[in-house]
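# I would like the atomic coordinates for the input below:
(chains A and B)
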2 protein chains.
Amino acid sequence: MTNPTAAMLVIGDEILSGRTRDINMNVLAKSLTAHGVDLCEARVVSDDRDAIVTAVRALSSAYDHVFTSGGIGPTHDDITADCVAAAFDAHIDIRDDARDLLMAYFERRGTEATEGRMRMARIPDGATLIENPVSIAPGFSLQNVHVMAGVPAVFEAMVASVLPSIKGGAPLLSQSLRVDRPEGEIAGPLRILAEEYPGLSIGSYPFQQNGAFGANIVVRGHDGGEVDAAMVKLAALFPGETA
Amino acid sequence: MTNPTAAMLVIGDEILSGRTRDINMNVLAKSLTAHGVDLCEARVVSDDRDAIVTAVRALSSAYDHVFTSGGIGPTHDDITADCVAAAFDAHIDIRDDARDLLMAYFERRGTEATEGRMRMARIPDGATLIENPVSIAPGFSLQNVHVMAGVPAVFEAMVASVLPSIKGGAPLLSQSLRVDRPEGEIAGPLRILAEEYPGLSIGSYPFQQNGAFGANIVVRGHDGGEVDAAMVKLAALFPGETA
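Here you go, the predicted structure:
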């Protein structure tokens, strides 16, 4: 009855140095929520072999699925595919199916098949390719780890390619109520409501607008009837607020 | 000679469900890079006691500093302070210094000191307060864990409050060159350059603009002279590109 669980692993020095802002996490989070897979944890690690291998092993054994982002391009700092292979002691080399995809693409575009480019055909034995409709070089799924590119347009396309192959559960439903009062004044009644519905997650997200404090109260759960019932009680607690 | 290391722990169901996009990671990453602290890892976990306690313990023992974001407000889902206390087996309750700060603030604003609001004065024994110039309710540092609010304006202000108390190392310097050629064509020379400078991190970040492929090559290191030297060689490899 419970949904499959998942973790995300973002690989990239550029995120940790602050040069680049990750935007793939939010894309994956929304897609998994809609698909009925619970994203339970996300990690960002640097382009470091030990860090990647350790994180892949830890997350792969703790969750039903792991989705990685980054580090599968043609340059020397792209080491994710080799690290995921190492995490599972799988052999990795240029694989015929991936090479054929790339060679056909390069031929159509008149692109040279450099050594760097052919690195993108390195796929571990036993892995299933993930289609990349944007720039062809594929991702792959090895056991429960789904390896995808970091370039946002490619990442998003690969998520769309791989999700249909993953069995989802009940989508996580959510409804929210905007309350134009400071969190400190609504905390008491909210706590009682949360205790009444242990099967729901009731979150309070404060904001400040034109100098006034308010909060968005979000009720999340897999049982739509229960979410509806909690929303009715919530609205009765704070009459006159905006749904 | 090496810089202090750090990890970030983001706490919040709203990030993992995709409802909210985290922006604090990038703020912290930039601040630490400038301060000479190496951000090595970041994790996002849900508002779950076991998940938070486990992550705090793991990161606290693996890195010199841990910075947390989220979960220290007045509502029932704000459990970070209690979890950090539990991670170190520290006693936690409303503490006089934090209560005095809050009571003085509430008095000035004519705000009621509700039970929820007074939760924000829960500070573990042995912790040092982190000043919050935005909304007064303080963060705290317990051992090597720095606990800060998730609201971006408050998080940023708390980072500015706590950083001067942390000994930094050499700032991570970076220079970049934009190369208007596909990564596949520059991967070979780049690899050789990276091998020549094992003390530097040389990253390639591809982009696509108006249908043409290019990459930003970023050279990072703590030795400014070495970064300069690598940039000269990089420019010679790809003459006519934009620095």
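
# residue closest to the middle of chain A?
Taking CA atoms, centre = their mean, the centroid of chain A lies closest to residue A:28, which sits 3.2 Å from it.

# element containing that one, please.
helix A:24-35 (DSSP states H and E).

# tell me what the lowest-mean-pLDDT helix or strand in chain A is packed against?
Scoring the helices and strands of chain A by mean pLDDT, DSSP states H and E places strand A:201-209 at the bottom, with a mean of 87. Secondary-structure packing of strand A:201-209 (3 or more CB pairs under 8 Å, 6 or more residues apart in numbering or on different chains; DSSP states H and E): helix A:183-196, strand A:212-221, helix B:13-16. In short, each C-beta sits where N, CA and C put it, glycine included.

# The shortest one close to chain A?
Yes - Helix B:13-16 lies in contact with chain A when judged by CB under 8 Å from any CB of the partner chain; the contacting residues are B:13-16.

# Tell me the one of these nearest chain A?
Checking these against chain A with CB to the nearest CB, the nearest one is residue B:16 at 4.7 Å.

# Spatially nearest residue to that closest one (excluding sequence neighbours)?
residue A:39 (4.7 Å; CB to CB, 6 or more residues apart in numbering or on different chains).

# Now for the one you found: which residues touch it?
Going by CB atoms under 8 Å, 6 or more residues apart in numbering or on different chains, residue A:39 touches A:6-8, A:28-29, A:32-33, B:16-18.

# Wait, residue A:86 touches residue A:53, no?
Yes - in this structure, residue A:86 is within contact of residue A:53 by CB atoms under 8 Å, at 5.3 Å.

# All the helices of chain A, in order from the start?
For chain A, applying DSSP state H gives helices covering A:13-16, A:24-35, A:49-62, A:80-87, A:96-109, A:115-119, A:152-162, A:183-196, A:224-237.

# How is chain A divided into domains?
A:5-165, A:173-237 (automatic domain parsing).

# hey, least reliable of those by pLDDT?
Note on the domains of chain A: lowest mean pLDDT is at domain A:173-237, with a mean of 91.

# ok, residue A:179 - contacts?
A:186, A:214-217, A:238, A:241.

# For residue A:77, find the nearest of the helices and strands packed on strand A:201-209.
Nearest to residue A:77 among the helices and strands packed on strand A:201-209 is helix B:13-16; the distance by CB to CB comes to 26.7 Å.

# Distance check, residue A:62 against chain B.
Residue A:62 sits 10 Å away from chain B, going by CB to the nearest CB, to the nearest Å.

# correct me, but that residue touches residue A:7?
Yes - the criterion here is CB under 8 Å, and residue A:62 meets it with residue A:7 at 6.9 Å.

# wait, which of the contacts of residue A:179 is closest to residue A:130?
residue A:216 (35.1 Å).

# I'd guessed that closest one sits against residue A:202; true?
No - contact status for residue A:216 versus residue A:202: not in contact, 11.5 Å apart, counting by CB under 8 Å.

# before we move on, the earlier item: any common contacting residues for residue A:62 and residue A:7?
In contact with both residue A:62 and residue A:7: residue A:41, using CB under 8 Å, 6+ apart.

# between those two, which one's more packed in?
Set residue A:62 next to residue A:7 and count neighbours by other CB atoms under 10 Å in any protein chain shown: residue A:7 wins out with 26 against 12.

# Who are the contact partners of the more buried one?
So residue A:7 contacts A:39-43, A:59, A:62-63, A:65-67 (CB under 8 Å, 6+ apart).

# And the helices and strands packed on strand A:201-209: which comes nearest residue A:105?
Nearest of the helices and strands packed on strand A:201-209 (CB to CB): helix B:13-16, 35.3 Å.

# Could the C-alpha coordinates of that closest one be exported in CSV?
C-alpha atoms of helix B:13-16 as CSV (Å, rounded to 0.1, in the frame of the first residue of the first chain):
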residue,chain,number,x,y,z
ASP,B,13,9.1,18.1,2.9
GLU,B,14,8.2,21.1,0.7
ILE,B,15,11.5,20.8,-1.2
LEU,B,16,11.2,17.0,-1.7
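
# And it, what does it pack against?
Partner elements for helix B:13-16 (3+ CB pairs under 8 Å, 6+ apart): helix A:24-35, strand A:38-45, strand A:201-209, strand B:38-45.

# and for it, what are the contacting residues?
A:25, A:29, A:39-42, A:201, A:203, A:205, A:218, A:220, B:20-22, B:44-47, B:77.

# Can you turn the buried part of the residues you listed into a PyMOL selection?
Only the buried members of those enter the following PyMOL selection, criterion being 16 or more other CB atoms under 10 Å in any protein chain shown:
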select buried, (chain A and resi 25+29+39+40+41+42+201+203+205+218+220) or (chain B and resi 20+22+44+45+46+47+77)
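
# just to revisit the earlier point, okay, the contacts of residue A:7 in JSON lines with distance to residue B:167 next?
Output for those, formatted as JSON lines (distance: CB to CB, whole Å):
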{"residue": "A:39", "distance to residue B:167": "36"}
{"residue": "A:40", "distance to residue B:167": "35"}
{"residue": "A:41", "distance to residue B:167": "30"}
{"residue": "A:42", "distance to residue B:167": "29"}
{"residue": "A:43", "distance to residue B:167": "26"}
{"residue": "A:59", "distance to residue B:167": "32"}
{"residue": "A:62", "distance to residue B:167": "34"}
{"residue": "A:63", "distance to residue B:167": "36"}
{"residue": "A:65", "distance to residue B:167": "40"}
{"residue": "A:66", "distance to residue B:167": "36"}
{"residue": "A:67", "distance to residue B:167": "37"}
